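**Q** Show me the folded form of this:
(4 chains)
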Protein chains: 4
Amino acid sequence: MKQLRHILGIDDDEFIRGKVPMTKQEIRILTLTKAKIKPDDIVFDIGAGTGSLSIEAALLAEYGHVYAIEKNPEGIELIQQNVRKFLVDNIDVITGEAPAAMQNLPMCDAVLIGGSGKRLDTILNRVDTLLKPQGRIVLNCITIQTLSECLTYMKQHKEYTYEAMQVQINRLHAVGSYDMAQALNPIYIVTCTKQVI
Amino acid sequence: MKQLRHILGIDDDEFIRGKVPMTKQEIRILTLTKAKIKPDDIVFDIGAGTGSLSIEAALLAEYGHVYAIEKNPEGIELIQQNVRKFLVDNIDVITGEAPAAMQNLPMCDAVLIGGSGKRLDTILNRVDTLLKPQGRIVLNCITIQTLSECLTYMKQHKEYTYEAMQVQINRLHAVGSYDMAQALNPIYIVTCTKQVI
Amino acid sequence: MKQLRHILGIDDDEFIRGKVPMTKQEIRILTLTKAKIKPDDIVFDIGAGTGSLSIEAALLAEYGHVYAIEKNPEGIELIQQNVRKFLVDNIDVITGEAPAAMQNLPMCDAVLIGGSGKRLDTILNRVDTLLKPQGRIVLNCITIQTLSECLTYMKQHKEYTYEAMQVQINRLHAVGSYDMAQALNPIYIVTCTKQVI
Amino acid sequence: MKQLRHILGIDDDEFIRGKVPMTKQEIRILTLTKAKIKPDDIVFDIGAGTGSLSIEAALLAEYGHVYAIEKNPEGIELIQQNVRKFLVDNIDVITGEAPAAMQNLPMCDAVLIGGSGKRLDTILNRVDTLLKPQGRIVLNCITIQTLSECLTYMKQHKEYTYEAMQVQINRLHAVGSYDMAQALNPIYIVTCTKQVI
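**A** Just a heads-up that it's a prediction; the model follows:
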């Protein structure tokens, strides 16, 4: 009975991950929350990696659907393994690169962009044609350049509003009876909302 | 129809808040997620402030119940206003200070501690008597001393495991065509889980 | 007897500052250290603000000279007041905007850029004509765009190597017997070194 | 001619370091600056590690003296190698643990504490007997417990004032034409000043 599990917050080590880099739990949670995913939403996950974001998005969009786009064969395999492990039946895995791989996708409510491979502008242009009014795009940027390109794009497209933040997390690790901080790399999260015109 | 709203992530400015300090959205989200609140959970919110955590906890525990404990009359009034605004009917507001104010509370699944007024040890001792096995305590610590006391307590009580992290968020603000970072004060989040013995 | 004072690290509140924003002590120290200022160096301080960086640069370059460029009349007045307060006689204050205000400057060893007013490219081009081989440019960037422009410039000018870092400082403030963190806004420091060709 | 080198800011990779953890350049600079070391100061470096702080302290205290205390034989060897490499002749290396190893030390102006091995209180008590009025103690704390003990000590000894801050540095690394942030672990720096009574 799905209703009686806690929502969001699957632990990182519950995912099958291989050596593919994975969005950390805290960033995943903030990303999905900023995307304001509703139960009947259509969601794209571009650069899906291990599929951890896609899996949690699919649990939130329980009557909706998630399209996970990933070019790396190792990633594709991991996503499919995670889909089976978490028993989600509303994810389509699409092999390829955005925007080319987005050809047959339906209109959507939310788009998660974790990887853009230096084609952010063309991806955003394509996403824009498929995003419904009031739809959200949430980008995780680990480089200054992707962040900068995203901010530039949004400033040039006045039909979007955006908010951006940097998140830095330091985990405390017990060393004997003391606790030391271990830094995770910071990440920028940009949340873009398409206005109703 | 509650199912078709997005879960978690109410914007800060949707809450009625007066001048009472309020946990920021991102910290609220991480706190509630770490608490792994299930739909039928009993939740305590100690030092509830404006009630923002209580409201979101009550939406997650839709078949459960939230007890919001707050000593400050201005806070009490704000919680009640927010309860009415967000139409939640599963919150009890308790006026007073923990642990004294916890006298008639039932066994619980999750405890959120935002304020402990230098009585953290006695609060944790009282919470421990009411927390079910596998129950979670999530503390938001804004002082080094509260963090340190919490870590000491958990090291001395081996029936608990804990993880702790510091979260720092910098918001980007547009200044003309440029974006400047504005730092929010960092916070430590400690998540403690009671083991089944 | 100048030798028997400690070097670097003038406290923020020793500077006369008015309402002009001032680089915080820790950032000033890191900026000046990255600039590797030697006693006989010629230093430019572009966007000198209150002159706090210029003053400390002038103390380090005790047999050299500092040119402080500032367009804001309130800033000019503050720099001159601080020059008198700290008894430095090797600072020239230049009223105007870079690069126009740099017309009669000599060749230099180090350039500090605190403000660039959206003309970073033209400023860097002008700086480049005056910077000696092995000279250093140190930029304090508070916007993503200035950082991004600086990184782009340096990638396109292979005669420079650069290192960049973000610095975030949280001060602890005593609140009764507890200590709370107060975040300062983060800043990016980019250090560029001109290679000998 | 010592006067014509830049002061502070030796690059990390100029030190001989083996596998002993070394204070990073930026933290070293801030630590030494907060210690306000003057040319004729007597300085203790407790838990000297590779000696990187001692070396830079000795260059600042060019007419003074530095006592580097380290218990680890590998550290001792590294300090001596670095002393030879940087041609400093005003460092005494003392093998042993503070406070026991501090028996024959003279009165001092500044004390750097990088490692305290859970004996912080007894070390501070011993340091206090040797620290001149207006003397400075600067601690680098990588654990919450050392920070907490230091804050508690200083609150109980009203002859000291203190300021504390957390420093977090993210280095940008070029990955192709993009720049990614890599986080260094944060550190707390506590600066304590002995009042003239």
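**Q** give me the residue from chain A nearest chain C.
**A** residue A:148 (4.0 Å; Cβ to the nearest Cβ). From N, CA and C alone the C-beta is placed, and that goes for glycine too.
**Q** which stretch of helix or strand covers that residue?
**A** helix A:144-156 (DSSP states H and E).
**Q** What number of residues are in the vicinity of the nearest residue to residue A:62 once chain neighbours are set aside?
**A** Of all residues not flanking residue A:62 in the chain, residue A:39 sits nearest, at 5.2 Å (Cβ to Cβ, 6 or more residues apart in numbering or on different chains). Residues lying near residue A:39 (other Cβ atoms under 10 Å in any protein chain shown) number 17.
**Q** Surely residue A:39 touches residue A:65?
**A** No - judged on Cβ atoms under 8 Å, residue A:39 makes no contact with residue A:65 at a distance of 11.3 Å.
**Q** Isn't residue A:178 up against residue D:143?
**A** Yes - Residue A:178 is within contact range of residue D:143, at 4.0 Å (criterion: Cβ under 8 Å).
**Q** Which one of these two is surrounded by more residues?
**A** residue D:143 (22 against 16).
**Q** quick check, residue A:87 in a strand?
**A** No - Residue A:87: not assigned to a strand; according to DSSP: H, G, I helix; E, B strand; the rest coil it is coil.
**Q** how near is residue A:119 to chain D?
**A** Residue A:119 sits 13 Å away from chain D, going by Cβ to the nearest Cβ, to the nearest Å.
**Q** Residue A:101 now?
**A** Residue A:101 is 22 Å from chain D, by Cβ to the nearest Cβ.
**Q** now swap in residue A:61 and tell me
**A** Note on residue A:61: its distance to chain D, by Cβ to the nearest Cβ, is 31 Å.
**Q** Residue A:141 too?
**A** From residue A:141 over to chain D the distance is 10 Å, taken as Cβ to the nearest Cβ.
**Q** which residues touch the residue most central in space within chain A?
**A** The centroid of chain A falls nearest to residue A:112 when counting by Cα atoms, centre = their mean (3.7 Å). Residue A:112 makes contact with A:31, A:32, A:35, A:43, A:44, A:45, A:46, A:53, A:57, A:138, A:140, according to Cβ atoms under 8 Å, 6 or more residues apart in numbering or on different chains.
**Q** From those, which land in strands?
**A** Of the contacts of residue A:112, the ones assigned to strands by DSSP state E are A:43, A:44, A:45, A:46, A:138, A:140.
**Q** Out of the residues you listed, give me the one that has the most neighbours.
**A** residue A:45 (31 neighbours).
**Q** these two touch, right, that one and residue A:54?
**A** Yes - between residue A:45 and residue A:54 there is a contact under Cβ under 8 Å: 4.4 Å.
**Q** and after the helix holding residue A:148, which helix or strand comes next?
**A** Heading C-terminal from helix A:144-156 (DSSP H and E), you reach strand A:160-175.
**Q** now the angle from that next one to helix A:144-156?
**A** Put simply, strand A:160-175 runs at 150 degrees to helix A:144-156, going by axes from the mean of the first three to the mean of the last three Cα atoms, to 10 degrees.
**Q** so what does strand A:160-175 touch, helix or strand wise?
**A** The contact analysis (3 or more Cβ pairs under 8 Å, 6 or more residues apart in numbering or on different chains; DSSP states H and E) places strand A:160-175 against helix A:25-34, helix A:144-156, strand A:178-183, strand A:187-194, strand B:160-175, strand D:160-175.
**Q** And the average pLDDT for it is what?
**A** Across strand A:160-175, pLDDT averages out at 97.
**Q** so what strands line up beside that strand?
**A** Here strand A:160-175 is paired, per DSSP bridges, with strand A:178-183 (antiparallel), strand A:187-194 (antiparallel), strand B:160-175 (antiparallel).
**Q** does the closest residue to residue A:194 other than its chain neighbours sit in a helix, a strand or a coil?
**A** In this structure, residue A:194 finds its nearest non-sequential neighbour in residue A:135, 4.8 Å apart by Cβ to Cβ, 6+ apart. Counting by three-state DSSP, the backbone at residue A:135 sits in strand.
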